[in-house]
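Enquirer: no sequence on hand, only this structure:
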């Protein structure tokens with residue numbers, strides 16, 4: 001079975017788990033209303049004994065299964081951020097690329113991510129998708145007092161990075177990881193040996209992510225079953241509103257922000273890029289992985305958009321590592337949604353912390369399916385929101401994950417074209433040629449990346 005087929009199979013399993021969870025949870029809620037008169041303690045006769053449905057299923061099996069899955073996500077936050085961020089920063093090993101080209105690329109990627117998270121937060125604060133959520137028995141959380149913005153800046157720099165990792169202080173971990181990555185890139189042969197070790201460790205961590213995401217259908221079932229058995233039907237309207245809001249912001253970012261940047265910084269027709277991205281977008285949607293789409297994205301930048309390989313070979317892989325605009329949008333809307341569900345008003349320092357954390361964390365967000373949920377757990381922890389709130393959105397996140405990947409790869413090509421134009425490494429004849437195609441072999445790998453003109 002091909003990798004794409006496996007991912008499609010996993011998507012189907014997640015949808016099945018979500019559907020089964022809704023059906024079983026709703027059935028248990030009907031039993032509660034019929035036998036328990038709305039009480040959570042529903043007991044029915046069973047072979048002469050009293051059997052508690054909620055005690056066994058909701059607070060037992062569903063609660064245990066869902067909690068273990070959420071803890072598994074939280075378990076990966078620190079190692080994933082540290083290792084992948086070190087790999088991402090240390091990949092800028094060529095001193096020439098660490099200069100002008102690297103500076104432009106990183107600045108543009110971080111700028112688009114900051115725009116994405118800011119627009120997402122503003123949209124969520126205006127629409128308020130979590131307002132009126134009635135599941136108060138689910139949504140109880142005592143928030144700690146948020147530190148001032150000045151303290152947030154000061155606390156970004158760790159005095160003891162080991163303590164930062166043990167305590168899960170993500171901003172300190174991010175800063176330390178960036179410093180380690182820069183040091184590795186500047187350390188010559190010793191740095192290359194250390195980088196090799198981090199690359200291997202990153203492969204192992206990615207395998208753990210794969211293992212946990214393969215368990216996602218079961219985790220989704222447990223979480224959604226408990227959710228459906230304890231919340232009112234009308235609360236699903238809030239979750240649906242969250243889904244629509246994330247989807248709309250994703251589309252707006254891809255159809256408005258990127259074209260504006262292309263027009264302002266490169267004086268290029270954005271329509272050409274969006275049309276030529278359609279095949280890459282379809283592969284990205286089906287794979288839910290920026291890394292898996294990387295060969296197609298690189299071929300598109302080289303042969304359909306006219307970017308010289310000296311630029312594309314650097315900016316596209318870099319974008320697959322640090323450009324996660326779609327993930328940032330999800331994190332922004334989800335953070336506000338979860339805060340509203342739990343009745344917590346986000347302060348301005350918290351909102352700025354979300355922007356800073358999501359933007360910096362995008363450097364270390366691996367381009368693999370489902371990793372956005374792990375990064376969301378990091379953002380929630382940073383602003384004292386309950387990670388358990390992920391249970392509210394995890395069931396519908398798979399489809400959003402596929403859409404986020406399309407936005408991410410579109411951003412990769414947008415920044416690549418802008419940087420190439422500024423460096424005089426863009427063939428505008430190819431960029432404006434709407435008949436250029438990429439020849440792709442059946443397994444999805446570009447063959448020879450040859451340019452064909454009808």
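Expert: That came through fine. Bear in mind the structure is a predicted one, so any value in this text is a computation, not a measurement.

Enquirer: buried ones in stretch 178-193?
Expert: Buried residues in stretch 178-193, counted by 16 or more other CB atoms under 10 Å: 178, 180-182, 184-185, 191. Where you see a C-beta, it was placed from the backbone N, CA and C, and this is true even at glycine.

Enquirer: just the terminal-to-terminal distance for it.
Expert: 18 Å (CA to CA, to the nearest Å).

Enquirer: show the average pLDDT along that stretch.
Expert: Across stretch 178-193, pLDDT averages out at 86.

Enquirer: try stretch 262-280
Expert: Average pLDDT, stretch 262-280: 89.

Enquirer: ok, now how distant is residue 157 from residue 164?
Expert: Per CB to CB, to the nearest Å, residue 157 is found 10 Å from residue 164.

Enquirer: which residues do these two both contact?
Expert: residue 172 (CB atoms under 8 Å, 6 or more residues apart in numbering).

Enquirer: okay, the two: which has more neighbours?
Expert: A side-by-side neighbour count of residue 157 and residue 164, using other CB atoms under 10 Å, places residue 164 first with 22 against 12.

Enquirer: are we agreed that residue 177 is in a strand?
Expert: No. Using DSSP: H, G, I helix; E, B strand; the rest coil, the assignment for residue 177 is helix, not a strand.

Enquirer: wait, it touches residue 85, no?
Expert: Yes. Using CB atoms under 8 Å, residue 177 is in contact with residue 85, at 3.8 Å.

Enquirer: more neighbours: which of those two?
Expert: Shown here are residue 177 and residue 85; by other CB under 10 Å, residue 85 has more neighbours (29 against 24).

Enquirer: measure the more buried one to residue 411 for me?
Expert: 19 Å.

Enquirer: and what of residue 225?
Expert: 36 Å.

Enquirer: please apply the same query to residue 299.
Expert: Counting by CB to CB, the gap from residue 299 to residue 411 is 17 Å.

Enquirer: now the strands for the chain?
Expert: 43-46, 49-52, 436-440, 446-453 (DSSP state E).

Enquirer: run through the helices of the stretch 301-450 of the chain in chain order.
Expert: Using DSSP state H, counting those that start in this stretch, the helices of the stretch 301-450 of the chain run over residues 309-322, 325-341, 348-361, 371-382, 397-422, 428-432.

Enquirer: and the last one, what other elements does it pack with?
Expert: In other words, helix 428-432. helix 270-276 (3 or more CB pairs under 8 Å, 6 or more residues apart in numbering; DSSP states H and E).

Enquirer: who does the helix it packs on touch, helix- and strand-wise?
Expert: helix 258-261, helix 397-422, helix 428-432.

Enquirer: most tightly surrounded among those helices?
Expert: Across these, averaging neighbours per residue (mean count of other CB atoms under 10 Å) puts helix 397-422 on top, at a mean of 25.

Enquirer: tilt between that helix and helix 371-382?
Expert: 90 degrees (axes from the mean of the first three to the mean of the last three CA atoms, to 10 degrees).

Enquirer: so what's the residue count around the closest residue to residue 377 other than its chain neighbours?
Expert: Leaving out its chain neighbours, the residue that sits closest to residue 377 by CB to CB, 6 or more residues apart in numbering is residue 387, at 4.8 Å. Neighbour count of residue 387, defined by other CB under 10 Å: 19.

Enquirer: just the one 4 residues further on next, same as before
Expert: Residue 391: 22 surrounding residues under other CB under 10 Å.

Enquirer: next one: the residue nearest to residue 76 when sequence neighbours are not counted, what pLDDT does it get?
Expert: Closest residue to residue 76 apart from its sequence neighbours, by CB to CB, 6+ apart: residue 374 at 5.3 Å. For residue 374, the model assigns a pLDDT of 70.

Enquirer: that older thread, which residues touch the residue nearest to residue 377?
Expert: Contacts of residue 387 (CB under 8 Å, 6+ apart): 70, 73-74, 377, 380-381.

Enquirer: wait, which of these is closest to residue 123?
Expert: residue 380 (18.6 Å; CB to CB).

Enquirer: my read: residue 427 touches residue 311, true?
Expert: No. Look at residue 427 against residue 311 with CB under 8 Å: they stay out of range, at 11.3 Å.

Enquirer: which of these two has more neighbours?
Expert: residue 311 (25 against 14).

Enquirer: what's near enough to touch that one?
Expert: 101, 416, 419-420, 423, 425.

Enquirer: make it 6 Å
Expert: Applying CB atoms under 6 Å, 6 or more residues apart in numbering to residue 311 gives the contacts 419-420, 425.

Enquirer: just the pLDDT for residue 436.
Expert: 55.

Enquirer: then residue 48?
Expert: Note for residue 48: predicted pLDDT of 55.

Enquirer: lowest-pLDDT helix or strand in this protein?
Expert: Ranked by mean pLDDT, DSSP states H and E, the weakest helix or strand in the chain is strand 446-453, scoring a mean of 38.

Enquirer: reformat the contacts of residue 387 as CSV; add neighbour count and distance to residue 32.
Expert: As requested, the contacts of residue 387 are exported to CSV (neighbours: other CB atoms under 10 Å; distance: CB to CB, whole Å):
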residue, neighbour count, distance to residue 32
70, 22, 24
73, 24, 29
74, 17, 30
377, 24, 30
380, 23, 30
381, 18, 33
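
Enquirer: farthest-separated two in the residues you listed?
Expert: Taking CB to CB, no two of these sit farther apart than 70 and 381, at 12.1 Å.

Enquirer: pLDDT wise, what is residue 370 at?
Expert: According to the prediction, residue 370 has pLDDT 57.

Enquirer: from the chain's centre, how far out does stretch 348-359 sit?
Expert: 16 Å (CA atoms, centre = their mean, to the nearest Å).

Enquirer: also stretch 311-329?
Expert: Centre-to-centre, stretch 311-329 and its host chain are 13 Å apart (CA atoms, centre = their mean).

Enquirer: list the buried residues for that stretch?
Expert: Neighbour-count burial for stretch 311-329, counted by 16+ other CB under 10 Å, picks out 311-312, 314-329.

Enquirer: same check on stretch 339-355?
Expert: 339-342, 344, 346-347, 349-355.

Enquirer: over to stretch 73-80?
Expert: Residues of stretch 73-80 classed as buried by neighbour count (16+ other CB under 10 Å): 73-74, 76-80.

Enquirer: quick one: which of these sit in helices?
Expert: Among the buried residues of stretch 73-80, the ones falling in helices (DSSP state H) are 73-74, 77-80.

Enquirer: want to throw these into TSV with distance to residue 112 and pLDDT?
Expert: Listed next are those as TSV, based on distance: CB to CB, whole Å; pLDDT from 0 to 100:
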residue	distance to residue 112	pLDDT
73	26	70
74	28	72
77	24	70
78	26	79
79	27	83
80	22	74
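
Enquirer: just give me the closest of the residues you listed to residue 107.
Expert: residue 80 (24.5 Å).

Enquirer: that's all I had, so thanks and see you.
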